[in-house]
Each structure stands twice: as C-alpha cells, then as structure tokens.
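1. how would this look folded up:
(one chain, ligands or ions: 2)
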Amino acid sequence: MGEVDQVFVQAPEHRPKSSVIVAEGIPLIDLSPINYQEENTIPDSTEGLVKEIGRACKVWGFFQVINHKVPLDKLQRIQEAARKFFALGLEEKLKVRRDSVNVLGYFEAEHTKNVRDWKEIYDFNVQQPTFVPPSLEEDDEQNVQFKWDNRWPQNPPEFREACQEYAGEVEKLAYKLMELIALSLGLEPKRFRSFFKHNTSNIRLNHYPPCPYPHLALGLGRHKDTGVLTVLAQDDVGGLEVRRKSDGEWIRVKPIFNSFIINVGDMIQVWSNDAYESVEHRVMVNSEKDRFSIPFFLKPALYTDVKPLEELTDDKHPPIYRAINWGQFRTARMRSNFAKSNVENIQIYHFKLPQ
Ligand code: OGA
Ligand code: NI
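-> Ligands and ions are numbered 1, 2, ... in the order given. Prediction:
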C-alpha cells in the first residue's frame, strides 16, 4: 500500500484495533463518461471506468464518486430539510415515530446487544406501497408482519418534497452504478434491472449529535449493509471508517464536497458468488460537531430469490450460497433488531452451501 500516508492516532480502549490509519483510502472514481440521457447507456469510452469500478469493488468493496450528475441543489435541499427536522423538539419528532409494526419513520437508536449507537434516524421508502414480506417459517408463532408506510412530518413543510425529489435522482445514479458493476462482472448492463421493479429501497437520514464521551461510544457500530448497493452522502464533518480488506485496519473516509460514497451490500456478494464482498464499516462520534449523513439503500423486490448468478458459476466455480429470499431475510433481520436481546442477526453465511 505505497500510496498510503500513515498517521497513527491513539485510539481508546473500546476500539477493536490499537490504531486508526488516516490514509489516502478508498478509490475516487470520476463518473464523467456516463450519460444519463440515453436509455441505451454506457458508451465505449466507459471501458476504463468499468475496470476501475470492478477493481474498487474487488479490492475495497467501497469507492467514492464525483461528477455523478445528481443535482447539487437537490442534495442540499434534503440536507437542509434533515437538519431542520432533527432540530425539532422531541415531541414533534415522536409524532412520526416508527413502531414495531410499521418500521418507517423516526427513532433514536436503542440499546441493542448492550451497545447504543449515538444517533437518531428517520427512514422512508422510495417506492410506495411496499408489500408485507413473508415470514421465515410458516408456522412461526412470534412471527411479526412488518409494514412499510412512509410517515411524513408536517415540519419542515418542504420535507416530503425534498426527500422525494432527491430519492428520484439518487435512484437513477444507483441503477447506473449497477450497470457499470454488471459490465465489470462480464454481464449484460441491464442484468440486475428486473430485480428492482418492485424494489424495497429506502433512504435514511442520520443525525449523529456531538457526544461528550467520544471515547466511550460509536456513532454506528461496525456492520455490513444487507441490501444491494449503498449510495451515501456525508457532510464535511467525517467519521465514517471502512475496514480495509487487505489487513483489517480501519480507514477513515475523507469527506469530499459533492461526492458520494458507494459500497457493495450483501446481496451483490451473493449474486457475484463472493467476487465482490460486502465490507464492514462504522462511524466514530465527535465531541463538538453534529454530523449528518444520508444513505440510499438499493434493495430488491421482496419476492426476489437472491442466489449466485448462473453466468458466474460453473463446475469449477460452484455456487457458494443457496437462494436467499429477500423478503424473508429482511423480516428476520428486522425481528432481531427489535428483539433487544442477544439474538444473533441472520447473515448471508448462514446460507452457505457445503463445498
Ligand atoms: C449506515 C451507514 C454511514 C454514515 O447507515 O448503514 O453505514 O456515515 N452509515 O452514516
Ligand atoms: Ni452501513
């Protein structure tokens, strides 16, 4: 890692590693060659871009993009709306609080698995309505049927429009990235498109308030994203760290104005038969500044059976996973999130086939 400029920072005890590396970090990719106007997309000049994306997915599972063509005013409008919403009194925010049936809306991170993330959240789905997902086992007594209905706050008045306009733009970017990723795997550019006809994608507004005990808390504990692809807008405060695959070190992602951070989720890992792996990341807290971030989580239709793609498997490369039904997987995930106990989250490795 010759390009890495290593500055070692003393890290507090709770952190899993004794140092944090402030590095050049994840690849920065210029999306200028892509053209959103044409339906039948990807010009020849994108060959280099496709290679870069493939390499970034393989080596890091993360990259940053610039010249992405999501209008800056739309991004700034949702950022402003998020800031105003989180600044409301708690009582006002609780009017759109999520509950254990309809899981969309506002919530403060709870104590799960004895750890509390230092953040508050507002979630909405991009497509409405989404269907109620199936349960994991048919005769399951504790089965909870989750609903996804957006809860729009009255304030600020422009909130809903700002969210929906931004969602439309960032979604287009996500599909373009999926075309580039498909090409990088040697697939037809539109190979993934049909999985998103009735997608369950959502946008999350994150607010990480300043924390008086930054050495005792994490903004968001280490995790992998379960969906397909995440397109994250972070502000200029910083705090996101990515686990470098080569050596397991935590690498800080430097904020770059008007860029997005992209990462591969668990479902791409399964589709690609582990060619592209979903990578752990976490968020550090800050003792002085509020931090806001807005991830868009691209997720397939509930009825999708996600399994290694036929084009990417053969006798020499047999499928590593059996099919994962996205709706069932998501239900099981939500249930353990609400269980507030030490229930282990369902993971894709639970679906590994004996090799
Ligand atoms: C997430 C996430 C990172 C951030 O919400 O899954 O990883 O910077 N967020 O807020
Ligand atoms: Ni994440």
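
2. Tell me the spacing between the nearest residue to L309 once chain neighbours are set aside and ligand 1.
-> Leaving aside its sequence neighbours, L309 sits nearest to W271 (CB to CB, 6 or more residues apart in numbering; 5.3 Å). The way it works is simple: take the backbone N, C-alpha and C, and place the C-beta from them, glycine included. Using CB to the nearest ligand atom, to the nearest Å, W271 is found at 20 Å from ligand 1.

3. what's near enough to touch W271?
-> Taking CB atoms under 8 Å, 6 or more residues apart in numbering, we find W271 in contact with 192, 306-309, 312.

4. Nearest to the middle of this structure, which residue? Look it up for me.
-> T230 (3.5 Å; CA atoms, centre = their mean).

5. A strand includes V231, no?
-> Yes: counting by DSSP: H, G, I helix; E, B strand; the rest coil, one finds V231 located in a strand.

6. Just say helix, strand or coil for the closest residue to it other than its chain neighbours.
-> Nearest residue to V231, sequence neighbours excluded (CB to CB, 6+ apart): F296, at 4.4 Å. Assigned by three-state DSSP, the conformation of F296 is strand.

7. Quick check: which element contains the residue of the chain found nearest ligand 1?
-> Among the residues of the chain, S293 lies closest to ligand 1, at 3.4 Å counting by CB to the nearest ligand atom. Taking DSSP states H and E as the definition, S293 sits inside strand 291-298.

8. can you map out the helices along the stretch 1-150 of the chain?
-> 47-59, 72-86, 90-94 (DSSP state H, counting those that start in this stretch).

9. Is it possible to get the ones you listed out as a markdown table so that each row also shows mean pLDDT and mean neighbour count?
-> Shown next, in a markdown table, are those (pLDDT from 0 to 100; neighbours: other CB atoms under 10 Å):
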| stretch | mean pLDDT | mean neighbour count |
| --- | --- | --- |
| helix 47-59 | 96 | 18 |
| helix 72-86 | 98 | 18 |
| helix 90-94 | 96 | 13 |
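
10. Now render these as TSV, adding distance to R151.
-> Below are the helices of the stretch 1-150 of the chain laid out as TSV (distance: least, CB to CB, whole Å):
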stretch	distance to R151
helix 47-59	35
helix 72-86	12
helix 90-94	11
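
11. Adding distance to ligand 1, write those helices out as CSV.
-> Formatted as CSV, the helices of the stretch 1-150 of the chain follow (distance: least, CB to the nearest ligand atom, whole Å):
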stretch, distance to ligand 1
helix 47-59, 17
helix 72-86, 12
helix 90-94, 18
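
12. Which one, of these, ends up nearest to L185?
-> Shortest distance between L185 and the helices of the stretch 1-150 of the chain, using CB to CB, is found for helix 47-59: 7.3 Å.

13. Which strands border the helix or strand harbouring V283, and is each parallel or antiparallel?
-> Take DSSP H and E as the rule and V283 turns out to sit in strand 281-284. Sheet pairing of strand 281-284 (DSSP bridges) gives strand 218-223 (antiparallel), strand 240-243 (antiparallel).

14. got a list of contacts for the longest one?
-> The one in question is strand 218-223. Strand 218-223 is contacted by residues 14, 16, 115, 117-119, 206, 208, 211, 239, 243, 280-285, 291 when judged by CB under 8 Å, 6+ apart.

15. tell me, which of those residues make contact with ligand 1?
-> Near ligand 1, judged by CB under 6 Å from any ligand atom, the entries from those are 206, 281, 283.

16. before we move on, the earlier item: right, and the helices of the stretch 1-150 of the chain - which one's nearest S32?
-> helix 47-59 (8.7 Å).

17. Run the chain-centre distance for the longest helix seen in the chain.
-> Among the segments of the chain that qualify as a helix by DSSP state H, the longest is helix 159-184. Counting by CA atoms, centre = their mean, to the nearest Å, helix 159-184 is centred 13 Å from the centre of its parent chain.
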